[in-house]
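>>> sequence plus predicted model, see below.
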Amino acid sequence: MSMKRYRYIFRGLVQGVGFRPFIYNLAKDLGLVGFVKNIGEGVLAEFQGKLEDTAAIDEYIEKKLPRNAKIEAIEKYEIEPIFDESDFYILDSSKGKISTIVPFDLGLCEECREEFYTQNHRHFMNPFISCINCGPRYTIIESLPYDRSRTSMKEFKFCDNCKKEYYTPDNRRFNAQSTTCPVCGPHLFLYSFVEKKHIDGNNLELLDRVCEEIEKGKIVAIKGIGGFHLVVDPYNKESVERIFQSKKREGKPLALVCKYIETVKKYCNVSKAEEEIFNSPRCPIILFEKKTNDFLYVNGGLHTLGIMRAYTPILDYILTKTNKDLLIATSANLSGIPMIIDEDEAIEKLCDIADFVLYHNRKIVRRCDDSVGFILNDKFVLIRSGRGFAPITFKLKEKAVDKNILALGSHEKTTIALKKEDEVILSQYLGDLDTKEYIDFYTSTLNDLISLYDFKFDYIACDYHKDYYTTSLAQKIAKEQNKEVVFVQHHLAHIYSCMLEKNLQSCIGFAFDGTGLGLDGKIWGSEGFVIDGLEAKRVFHLQYYPLVGGQKAIKEPARLAYYFSEIISPEFAKNFFGEDEILQQIFKTAATFNYPLTSSMGRLFDIVGVLLGCGKKNSFEAQIPMLLESIADRDEDGFYIFLMNFKHEIEINIVDILQQIIHDIKRNVDRRIISAKFHNTIAKIVVEVAKVLRENYNKDIVVLSGGVFQNKFLLSKTVSFLEEEGFEVFFNSVFPINDGGISAGQVYYTLQLLKNC
Ligand code: ZN
Ligand code: ZN
Ligand code: FE
């Protein structure tokens, strides 16, 4: 064997995951000299030694890759050996072009957890314990490449022990940028709203005080990884009620946190895939299906509980010390204001909600809510992309277009997407852009991402709806920077978001949603498309119906429900709604008043929910449809009859369906059965329409996307019905299935457009 030298460039999730130490150990184990360093676009290593070829290196990489690392691509080639090298080194980073995957925040790992509870260990009770496998990342990074000096950890100079760990190659904290200890690391502070002052004490004393207060039923705002939580004892109904009142979202489910999956299993059914993601470092809030009637006052009466693993040492400790199996840990956000990330703001704004504020002096560089989602068919369906997922980095399967694209998303649950070279990067959840505070969060994140990724774009994509803030912003930026704007219809963007994930060029797509502006000026929301590249033909929708009550009908669907009841059966309307003057007035004027026409599927779920007694108002988005899903009888397989009207598109009249539902209600059929039959009907509609389209267009791939498919019961029914008929079915499992995925869809649509240019 002769002396050879190889250069490797690794791309993918290779920074902040213990990759350089891993490469160092590889070199040591194989007796190689050379170096490794972070570069803007990934990790660069050179190996030199008596080598035949790269087989031994490649095998080592394959077998021993760190658990959180993900290599997307390796570029390697032989170079000239250097003869005066005698060791293997980890070099400081060099800033090059930046396209590396930014690491997401990682939940507490088992090793750190153990050290945390080991007396006499130097990390005993270290509230900021972390290592190469766990700890904050995205939320502490100021700029790339990922090095301590470019994070909010730079404030904390290593003590001798931390320094030793950081520089010892076989240590778990070797080159771990978030490494810190009680001697040199951040400190805890506790502010009492009652005493209006800070409480004295060291980290442990303050933590113990917090535990005592939580046991007494107090509400403590706690600074975490991506923002503040409100933490409270879920067994204390009075305290839970206080949180509901202060958040002004009566009935909105509160998230729970626990240490072990065994706890979840006490209350919920848990699949293997759910257990896996629960124990993963991502630690999202997982919507588990309940099997007991506990915590109905926590989850708004739904059939699910949102539970996440205790991903910080602080949450883990509070659970241990208070001996509670579960705690409520809900984002500390007042209505209309994004989650609080700053202690001064917490002390200023949370006085009416919390009793204490526990915070630390490690700065949260960017806000990141907890992620939320559910498992269907072993795939994780994201409803909110935040801590543990954001930024989502998706590698394009083909690099057909070299132009960069900035996509500004929709209006609600917004996200921003960047298409940079061969990657699509999706921001964290940025909320509904109805208030100045959320708009500020949105614009600051936009600037943040552009600078973090050193991003320059050629095209800017946005929604087709001209009244959205994001649309006018896109036009403004385009004008200022002389770029072209691409307007993408909302429901098409939903379908394209999923097509991007699966690298599809053509499909049948169903976007079931609340409302979005259609290309014909009407309000769409139940659209079926046949798509070939850029060409998208609308082929299905619910027959237009008037959005009686206008925009208010979204919050108060009783307006719509009454309207249809009155049309179908005035006697039923009277019995069900009583003498409601407002509703009657709205009905009387409906014929003369020009209400906008809609094909919204979300509103249909609202109407049925109202008729089945799930409420008359949505106090938060989709409250009634969520309850409607919750009550559905999982064993019922009946459905309502529907007629497909073959007009220009296939249309289905919702009056026919509502008529049968009202008929069932009059016959006192159990509402759980009616709800299930309704869900089955919608799934059946998709299948029957898809069958016609398969005949006519010779396509058998079906894509499902849009906010209505957050309804897991509907999604799973639709998928299984379609699969039974031999369709290949896809739904979002990378980008959010709701409006959080719109920006990704806008990117893919623009890519199709550019491919055709
Ligand atoms: Zn760890
Ligand atoms: Zn230290
Ligand atoms: Fe949508």
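Nice, I can see it. Ligands and ions are numbered 1, 2, ... in the order given.

>>> so who does Y166 touch?
158, 173-176, 179 (C-beta atoms under 8 Å, 6 or more residues apart in numbering). Every C-beta, even on glycine, is put in place using the N, C-alpha and C of the backbone.

>>> can I get those in a markdown table with neighbour count and secondary structure?
Below are these laid out as a markdown table (neighbours: other C-beta atoms under 10 Å; DSSP: H, G, I helix; E, B strand; the rest coil):
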| residue | neighbour count | secondary structure |
| --- | --- | --- |
| F158 | 19 | coil |
| R173 | 26 | coil |
| F174 | 21 | coil |
| N175 | 24 | coil |
| A176 | 23 | coil |
| T179 | 27 | coil |
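
>>> what strand or helix carries V686?
Take DSSP states H and E as the rule and V686 turns out to sit in helix 671-697.

>>> buried sites along that helix?
For helix 671-697, the neighbour count (16 or more other C-beta atoms under 10 Å) marks 671-690, 692-694 as buried.

>>> cool, and stretch 421-428?
Applying 16+ other C-beta under 10 Å to stretch 421-428 flags 422-428 as buried.

>>> could you do stretch 259-275 as well?
In stretch 259-275, counting by 16+ other C-beta under 10 Å, buried: 259, 261, 263-264, 267-268, 270, 274-275.

>>> go on, stretch 174-192?
For stretch 174-192, by 16+ other C-beta under 10 Å, it's 174-182, 185-186, 188-192.

>>> out of the residues you listed, which is nearest to ligand 2?
Nearest to ligand 2, judged by C-beta to the ion, of the buried residues of stretch 174-192 is C181 at 3.3 Å.

>>> can you give me the neighbour number for the one residue in the stretch 201-350 of the chain that gets nearest to ligand 2?
When scored by C-beta to the ion, the stretch 201-350 of the chain has N203 as its residue closest to ligand 2, at 13.1 Å. By other C-beta atoms under 10 Å, the residues close to N203 number 20.

>>> what sits closest to it if chain neighbours are left out?
Of all residues not flanking N203 in the chain, L188 sits nearest, at 4.7 Å (C-beta to C-beta, 6 or more residues apart in numbering).

>>> the one you found is in contact with D208, isn't it?
No - using C-beta atoms under 8 Å, L188 makes no contact with D208, being 11.0 Å away.

>>> residues contacting D170?
D170 touches N25, counting by C-beta under 8 Å, 6+ apart.

>>> so it is in which element?
Assigned by DSSP H and E, D170 falls within no helix or strand.

>>> and the gap between it and ligand 2?
19 Å (C-beta to the ion, to the nearest Å).

>>> with K436 instead?
Going from K436 to ligand 2 by C-beta to the ion gives 41 Å.

>>> what's the local residue count around that residue?
Count around K436 with other C-beta under 10 Å applied: 10.

>>> for it, give its distance to Q710.
Note on K436: its distance to Q710, by C-beta to C-beta, to the nearest Å, is 28 Å.

>>> swap in A478?
Using C-beta to C-beta, A478 is found at 32 Å from Q710.

>>> can you give me the neighbour number for the one residue in the stretch 351-500 of the chain that gets nearest to ligand 1?
Nearest to ligand 1 in the stretch 351-500 of the chain, going by C-beta to the ion, is G388, at a distance of 14.5 Å. Neighbourhood size, G388 [other C-beta under 10 Å]: 25.

>>> next, count neighbours for the closest residue to ligand 3 within the stretch 301-450 of the chain.
Ligand 3 sits closest to S410 of the stretch 301-450 of the chain, with a gap of 6.3 Å, by C-beta to the ion. By other C-beta under 10 Å, the residues close to S410 number 29.

>>> residue boundaries of the helices in the stretch 301-450 of the chain?
In the stretch 301-450 of the chain, the helices defined using DSSP state H, counting those that start in this stretch lie at 313-322, 343-349, 436-452.

>>> let's have the buried residues of stretch 259-275 in CSV, adding distance to ligand 3 and secondary structure.
What follows is those, written out as CSV (distance: C-beta to the ion, whole Å; DSSP: H, G, I helix; E, B strand; the rest coil):
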residue, distance to ligand 3, secondary structure
K259, 36, coil
I261, 33, helix
T263, 34, helix
V264, 30, helix
Y267, 32, helix
C268, 28, strand
V270, 30, coil
E274, 26, helix
E275, 31, helix
